[in-house]
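> The sequence and its predicted three-dimensional model are supplied below.
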Amino acid sequence: MKHRIAILLSVLFFGSCSDWLTVEPEDQIDKKKLYADEAGFQIALNGIYQLCAQPSLYGKNLSWGAIDIIAQQYENDPINDYADWYFSQFEYERAEVLARIDAIWSGLYNVIANCNLLINEVSKAPASLFTLDTIAKNVILGEALAVRALCHMDLYRIFTPAPVKGNREIVLPYQASYPSDFSPAYTAQEGMERVVEDLLTAKKLIAYNDTTYHLNQMRYWLNARIMGQYTAAGGTFFNYRGYRLNYCAVVGLLARAYLYKGDMEKAKRCAYEIYSNFHKSKGWFRFHGANDYTTSFANKQKKHLDDCLFAFYNNELLFDVELYLTSSALNVVGVDEIYRNDEDDYRRSLIEQQGTQFTGSLKYRLTGNYQRDNYEGNAIPNMRLTEIYHILIESNFDTNPSESLRLLKELRAAMGCKRDISLISNKSELHELLITDARREFIGEGQLLFYYKRLNKGIKVPGSELEPKESIITLPIPDSQHI
């Protein structure tokens, strides 16, 4: 397989959140010098997260851009970005689209290459190089493994048929070394097994830091995880855990990976660890109340980050969206249909309304409120407590339908829905309930498409749905990248 490997090296500032999370690239930094001290390893890891947050990846294409557009989250008119318009029509052979698909493919593999280099270097570094000894070393190694797993997971979700299809013809390489002249290729099912292996190792490495040593950096909601208001014993690098693949995010990704590969029992076990331990018992993750959704525009918790396990950070995000909106719209499609019989759902208030017409989501809009724009505004949510509920609702249905129903009622109550659902009659009805909730929850977050794909369900459009053909829901591998 041919693709370029570029190593992003950056300067790490130990100051405010925006300072620490903003990368200033250096043209060339000698690798030996970079990895000569602890700061160099921190710089390298921070650079990896910033690569992920670029518009070509999770800063647009894999969140509010291409992946959501394919899932028909938005009205097609007006979309004046040619590539995005063609994505909305599934015209993947267009030159503009092919260039963007290539950017997703090469971008994810470039992040993976950077992870592999960092894994190599930190693995052989002595623990004594780090201020917190093995704690710091394990966090860096664990997070690099977790990012590698996340990027591979999305490569398989985007470029190969879902395991439910049983298609073993399309395979992708799982790159676990640097440099990588040759890597074994796997189907989606096999690839998810490699993803799980990396995440299980990451979970063990990160656990002590996030659940014991730097406890305050995890448990005090967005104030700690997003705003960094609690001083970490190990320094600023150990703050802002909501913007890093922390322990709970890794467990959540394990649940996502197990579910995608069809292992309901293991998906359920991981999801219950988050639900029982970190939501119900410890309360680290919680749903926002009604006022956070329904208050004035400038004060809404538009991304309700207390329930967010992990988000990417991009301090240009709101400006990128505003610039996009000067020529195109991101009007949410079918709002009345999505919220039919549940008009009291709090999330409905996060969709802009002009008279009787609903328009775009407020998640990525500038408010003029410093706290909202500079903390919440920069976040690109990737894993939420709502997804944990969805996994539990689905994985319980066959063996414990009463528990599935209880969890559904609990989730709906948390969102303000007063309509009672007393029975989930069959799996088809279950899937419809989950997809409807995903359409409400994940606007601009790039997750809805994979609900359709994994469940082999038609993509919802007003009054109808589109057959989930592979030619629609699986992107073509760039011609230059076939192995």
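Structure received. Residues are numbered from 1 along each chain as shown.

> hey, where'd the strands end up in this protein?
10-11, 24-25, 172-173, 185-186, 308-313, 351-354, 357-361, 379-384, 459-461, 464-466 (DSSP state E).

> who does the third one pair up with?
Looking at strand 172-173 with DSSP bridges, its paired strands and their directions are strand 185-186 (antiparallel).

> contact partners of the strand it pairs with?
Under the contact criterion C-beta atoms under 8 Å, 6 or more residues apart in numbering, strand 185-186 has outside partners V171, L172, P173, Y174, E193, R194, I483. Every residue, glycine included, has its C-beta placed from N, CA and C.

> Now for L466: which residues touch it?
Contact analysis of L466 by C-beta under 8 Å, 6+ apart lists Q72, G458, I459, I472.

> so what pLDDT did the third one get?
It stands for I459. Note for I459: predicted pLDDT of 98.

> same question, the first one
Here the pLDDT value assigned to Q72 is 97.

> returning to that earlier point: quick check, nearest of the contacts of L466 to E337?
Nearest to E337 among the contacts of L466, counting by C-beta to C-beta, is Q72 at 11.8 Å.

> State the distance from the closest one to L141.
In this view, Q72 and L141 are 40 Å apart by C-beta to C-beta, to the nearest Å.

> ditto for L205
6 Å.

> Could you do L405 as well?
The gap separating L405 from L141 is 41 Å, by C-beta to C-beta.

> residues in contact with the residue nearest the centre of the chain?
Centre of the chain computed as the mean C-alpha position; nearest residue by C-alpha atoms, centre = their mean is N382, 2.1 Å away. Applying C-beta under 8 Å, 6+ apart to N382 gives the contacts Y58, S63, L150, A249, F310, A311, F312, E445, G446.

> And the residues you listed, which of them are buried?
For these, a burial check counting by 16 or more other C-beta atoms under 10 Å picks out Y58, S63, L150, A249, F310, A311, F312, E445, G446.

> Touching, the fifth one and Y240? I think so.
No: using C-beta atoms under 8 Å as the test, F310 is too far from Y240 to be in contact (11.2 Å).

> ok so, going back, same list, the contacts of strand 185-186, but as JSON lines with distance to S106 please.
Compiled in JSON lines, the contacts of strand 185-186 are given as follows (distance: C-beta to C-beta, whole Å):
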{"residue": "V171", "distance to S106": "18"}
{"residue": "L172", "distance to S106": "13"}
{"residue": "P173", "distance to S106": "13"}
{"residue": "Y174", "distance to S106": "16"}
{"residue": "E193", "distance to S106": "24"}
{"residue": "R194", "distance to S106": "20"}
{"residue": "I483", "distance to S106": "14"}
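
> Quick check: which of the strands of the chain is nearest to N80?
strand 357-361 (14.7 Å).

> from the chain's centre, how far out does that closest one sit?
23 Å (C-alpha atoms, centre = their mean, to the nearest Å).

> Most remote residue from the middle of the chain, which is it?
Centroid-distance maximum for the chain: S128 at 33.6 Å, with C-alpha atoms, centre = their mean.

> Quick check: it vs F297, distance?
From S128 over to F297 (counting by C-beta to C-beta), the distance is 52 Å.

> Looking at L405 and L141, which has the bigger crowd around it?
Neighbour totals were compared for L405 and L141, and L141 leads with 23 against 18 (other C-beta atoms under 10 Å).

> Name all residues that make contact with the more buried one.
Each residue near L141 by C-beta under 8 Å, 6+ apart is listed here: I119, V122, S123, L205.

> one more time with 10 Å, if that's ok
41, 45, 118-119, 121-123, 125, 134, 201-202, 205-206 (C-beta atoms under 10 Å, 6 or more residues apart in numbering).

> before we move on, what about Y220?
M227, Q229, Y230, W284, D306.

> Give the burial count for the fourth one, as a bare number.
Think W284. W284: 22 surrounding residues under other C-beta under 10 Å.

> Output the below-cut-off pLDDT ranges for the stretch 1-150 of the chain.
1-29 (pLDDT under 70).

> Of the contacts of L141, which belong to helices?
F41, L45, L118, I119, E121, V122, S123, T134, T201, A202, L205, I206 (DSSP state H).

> Give me the spatial nearest neighbour of S361, chain neighbours excluded.
If the residues on either side of it in the chain are set aside, S361 comes closest to I443, at 4.6 Å by C-beta to C-beta, 6 or more residues apart in numbering.

> so how far is L411 from R384?
11 Å.
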